[in-house]
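> here are the coordinates; sequence isn't available:
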């Protein structure tokens, strides 16, 4: 029309997230929230036809996930037509890039596909001209939308996909991220996805290491995801060492307990305790015993768990006699549980061991802070309040001296509780 009649070609952009929310709301007959509309926009690039087909294919369920095989028929036809206009070599490169993720990374793509930078640049130029790839403001090159990426992934056979995941993970280990070092979470994802193509042991090691780093950052959901992804890899890897199995089970049990999944967490911790017992690892046995009853700063001791009491008693007998932080944590928790179960003799024996090092300052600051915090759970008489108030200040000081924000904050929480008991509310 434009050539024959002097018409004007108008370039149409996709709908905005707000417009997608409005369209989806009309289609579904309900309000579509910002998070849900954002996910739909991300998947479709704001294409109205894709939005409608996506909603129809997902049955209108909020947050329904699409897999490559679940792409609506009409959408698949259009995407295949678009992809069909690209050369076969470029499609192969793009399919590998699609397995790697939403964004296109030329260096990674060249490494995985064994081509030079020029071939990658030519492919990107071709894909961009056909609307398969676009430049995103501040985010580099990306697929036009997730449905396009899904369609490309669907072209890769399962065995080849696993091999690509393994190659991508191995390449990412040697390529620095924006932070200057490899993104272990991403490396672990790809290595675990590619474990069936070989390399199960490296996948497990990276996944556990990435999960432990996430735990240090208190990114517990991320850690749980990594460990759950590694679990089936562990089951299919008979060569995995007991030490590696123990780390995975302990980490998973601790994370799931903290995240409010006690049944699953308990199962992992009891399995780790059995393995720790079999391998003579008192340190791991102590960790399992502590994790069974919540965190150090929020222990569940009012109704003692016989399994936990048994593990704590067993582990403290196997730990070195020096008053390490772990030994004091175990001793204090055991004292709390024995106190609530009506065993004063056991409590007295533990305090006879721990408190001299606390009072004479021989123990490390973190050790003394843990001991003082644990004793608060036993000094519950109203007449003990002056002692608790004084020691809450000492916990704060010791936590600060040790550079431990968790202990310092615990001391502030104790002081607040003491002031509430005294009626000193602002």
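Done, it's in. As the structure is a computational prediction, the values presented were derived from the model and not from experiment. Residues are numbered from 1 along each chain as shown.
> For the rest of this, base every contact and every neighbour count on C-alpha atoms.
Noted.
> Residue 325 contacts residue 371, doesn't it?
No - using C-alpha atoms under 8 Å, residue 325 makes no contact with residue 371, being 9.3 Å away.
> Which of those two has more residues huddled nearby?
Neighbours around residue 325 and residue 371, counted as other C-alpha atoms under 10 Å, are more numerous at residue 371. The numbers are 23 against 18.
> Give me the pLDDT value at that one.
If you check residue 371, the pLDDT there is 87.
> Just give me the neighbour total for residue 159.
By other C-alpha under 10 Å, the residues close to residue 159 number 11.
> switch to numbering from 10
Will do, 10 is the new start, and the previous item becomes residue 168.
> so which helix or strand takes in it?
Per DSSP states H and E, residue 168 falls inside helix 167-183.
> which helices and strands does that helix pack with?
When contacts are defined as 3 or more C-alpha pairs under 8 Å, 6 or more residues apart in numbering; DSSP states H and E, helix 167-183 packs onto helix 97-109, helix 115-122, helix 193-202.
> Beyond the last one, next helix or strand please.
So that's helix 193-202. Helix 193-202 is succeeded, C-terminally, by helix 209-225 (DSSP H and E).
> relative orientation of the helix or strand following that following helix and helix 209-225 in degrees?
Using DSSP H and E, the helix or strand that follows helix 209-225 in sequence is helix 229-244. Per axes from the mean of the first three to the mean of the last three C-alpha atoms, to 10 degrees, the angle that helix 229-244 makes with helix 209-225 is 160 degrees.
> From the chain's centroid, how far away is helix 229-244?
Distance of helix 229-244 from the chain centroid (C-alpha atoms, centre = their mean, to the nearest Å) equals 8 Å.
> That one: which residues count as buried?
Buried residues in helix 229-244, counted by 16 or more other C-alpha atoms under 10 Å: 229, 231-233, 235-236, 238-240, 242-243.
> now swap in stretch 399-412 and tell me
By neighbour count on 16+ other C-alpha under 10 Å, the buried set for stretch 399-412 is 400-409, 411.
> so who does residue 387 touch?
Residues near residue 387 by C-alpha atoms under 8 Å, 6 or more residues apart in numbering: 345, 348.
> and it, that's in a strand?
No - membership of residue 387 in a strand is not supported by DSSP: H, G, I helix; E, B strand; the rest coil, which gives coil.
> Just the pLDDT at it, thanks.
77.
> At which residues are the strands of the chain located?
Secondary structure of the chain (DSSP state E): strands located at 112-113, 142-145, 149-152, 303-304, 307-308.
> Which one, of those, ends up nearest to residue 212?
strand 112-113 (22.7 Å; C-alpha to C-alpha).
> Identify the residues contacting that closest one?
The contact list for strand 112-113 (C-alpha under 8 Å, 6+ apart) reads 106-107, 148-152.
> how about TSV for the strands of the chain, with mean neighbour count, mean pLDDT and distance to residue 371 added?
Shown next, in TSV, are these (neighbours: other C-alpha atoms under 10 Å; pLDDT from 0 to 100; distance: least, C-alpha to C-alpha, whole Å):
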stretch	mean neighbour count	mean pLDDT	distance to residue 371
strand 112-113	20	88	55
strand 142-145	18	81	59
strand 149-152	19	84	56
strand 303-304	15	73	25
strand 307-308	13	68	26
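> Could you dump the ones you listed into JSON lines with distance to residue 102 added?
What follows is those, written out as JSON lines (distance: least, C-alpha to C-alpha, whole Å):
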{"stretch": "strand 112-113", "distance to residue 102": "10"}
{"stretch": "strand 142-145", "distance to residue 102": "12"}
{"stretch": "strand 149-152", "distance to residue 102": "13"}
{"stretch": "strand 303-304", "distance to residue 102": "48"}
{"stretch": "strand 307-308", "distance to residue 102": "52"}
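> what ranges of the chain fall below the confidence cut-off?
Along the chain, segments meeting pLDDT under 70 span 10-22, 50-56, 58-84, 146-148, 186-188, 305-311, 434-435.
> Nearest the geometric middle of it, what residue?
For the chain, the residue nearest the mean C-alpha position is residue 231 (0.9 Å; C-alpha atoms, centre = their mean).
> Pretty sure that one sits against residue 222.
No - look at residue 231 against residue 222 with C-alpha under 8 Å: they stay out of range, at 9.9 Å.
> any idea which of the helices and strands packed on helix 167-183 is most buried?
Mean neighbour count (mean count of other C-alpha atoms under 10 Å) peaks for helix 193-202 among these, with a mean of 25.
> I'd like to know how many residues surround residue 165.
17.
> can you count the residues close to residue 175?
28.
> Quick check: closest non-adjacent residue to it.
Distances taken as C-alpha to C-alpha, 6 or more residues apart in numbering place residue 203 nearest to residue 175, at 4.4 Å, with adjacent residues excluded.
> With residue 235 as the reference, measure out to the nearest residue to residue 249 once chain neighbours are set aside.
Of all residues not flanking residue 249 in the chain, residue 210 sits nearest, at 6.3 Å (C-alpha to C-alpha, 6+ apart). Applying C-alpha to C-alpha, to the nearest Å, the value for residue 210 to residue 235 is 15 Å.
> go on, residue 96?
Distance of residue 96 to residue 235, computed by C-alpha to C-alpha: 37 Å.
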